[in-house]
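Undergrad: Predicted coordinates and the sequence they were generated for:
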Amino acid sequence: QKEVEQNSGPLSVPEGAIASLNCTYSDRVSQSFFWYRQYSGKSPELIMSIYSNGDKEDGRFTAQLNKASQYVSLLIRDSQPSDSATYLCAFATGTASKLTFGTGTRLQVTL
Amino acid sequence: EPEVTQTPSHQVTQMGQEVILRCVPISNHLYFYWYRQILGQKVEFLVSFYNNEISEKSEIFDDQFSVERPDGSNFTLKIRSTKLEDSAMYFCASSEKAEAFFGQGTRLTVV
């Protein structure tokens, strides 16, 4: 059974639109959830963390967590071509414990 | 802005040789990690390190691998008797608590 599931994409959105990225996880003891952005050939870059149910906003990014449904999402408002990357969902079961990553969703923002 | 630094950025080695990958974590972080990413695959956890000892390791992290903190700033991953399938990007990460920050990675190519 896959621990973290993401649609591999590519998800294509026009510049200025809202991109919606989704992730489901199987481990009910997961406590911490993260979104990383990874450009091709580069390392994962942390963009959002979320620990409790609900929404968390940071600039153009909003993370949403629903622990009952084991679902976490990332919304990117006013998408820019520079947002084109692979977005990795990850979770941890405790503070400073290992991260389990999904395979990532490739986002393409078109002009 | 503090960052995790890794050296070398690219390492080519012959099968059967030993390699040492080096990392300098962010200075006030207490938790250190190694992850790897085989080309086209997801980021996989190898090992976590806290208080000068391994706190968790994956099934991948067998006797071929070892980690060390030889001084107050460096954190190393040693891979003995390298195999072709060890070719991957190796990422070091560090965290103060839950949020882990990644270095730029070392691309290891075993020939």
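TA: Yep, it's here. Numbering: from 1, shown residues only, chains lettered A, B, ... in the order given.
Undergrad: tell me which residues in stretch A:30-37 are buried?
TA: A:S30, A:S32, A:F33, A:F34, A:W35, A:Y36, A:R37 (16 or more other Cβ atoms under 10 Å in any protein chain shown). In this view, the C-beta of every residue, glycine as well, is placed from N, C-alpha and C.
Undergrad: before we move on, what about stretch B:37-51?
TA: Result for stretch B:37-51 [16+ other Cβ under 10 Å]: buried residues B:Q37, B:K42, B:V43, B:E44, B:F45, B:L46, B:V47, B:S48, B:F49.
Undergrad: how about the residues of chain A near chain B?
TA: A:32, A:34, A:36, A:42-46, A:49, A:51, A:88, A:90, A:92, A:95-104 (Cβ under 8 Å from any Cβ of the partner chain).
Undergrad: In ChimeraX, how would I select the buried members of the residues you listed?
TA: Buried residues among those (16+ other Cβ under 10 Å), as a ChimeraX selection:
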select /A:32,34,36,43,44,46,49,88,90,92,96,97,98,99,100,101,102,103,104
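Undergrad: just curious, which of the buried residues of stretch A:30-37 is nearest to chain B?
TA: Ranked by distance to chain B (Cβ to the nearest Cβ), those are led by A:S32 at 4.8 Å.
Undergrad: Run through the residues that contact that closest one.
TA: Going by Cβ atoms under 8 Å, 6 or more residues apart in numbering or on different chains, A:S32 touches A:S49, A:I50, A:Y51, A:F91, A:A92, A:T93, A:G94, A:T95, B:A98.
Undergrad: Need the per-residue pLDDT for the residue nearest to it when sequence neighbours are not counted.
TA: Nearest non-adjacent residue to A:S32, counting by Cβ to Cβ, 6 or more residues apart in numbering or on different chains: A:A92, 4.3 Å away. For A:A92, the model assigns a pLDDT of 92.
Undergrad: Tell me the residues of chain B that contact chain A?
TA: B:30-31, B:33, B:35, B:41-45, B:48, B:50, B:56, B:58, B:89, B:91, B:95, B:97-105.
Undergrad: Done for today, thanks.
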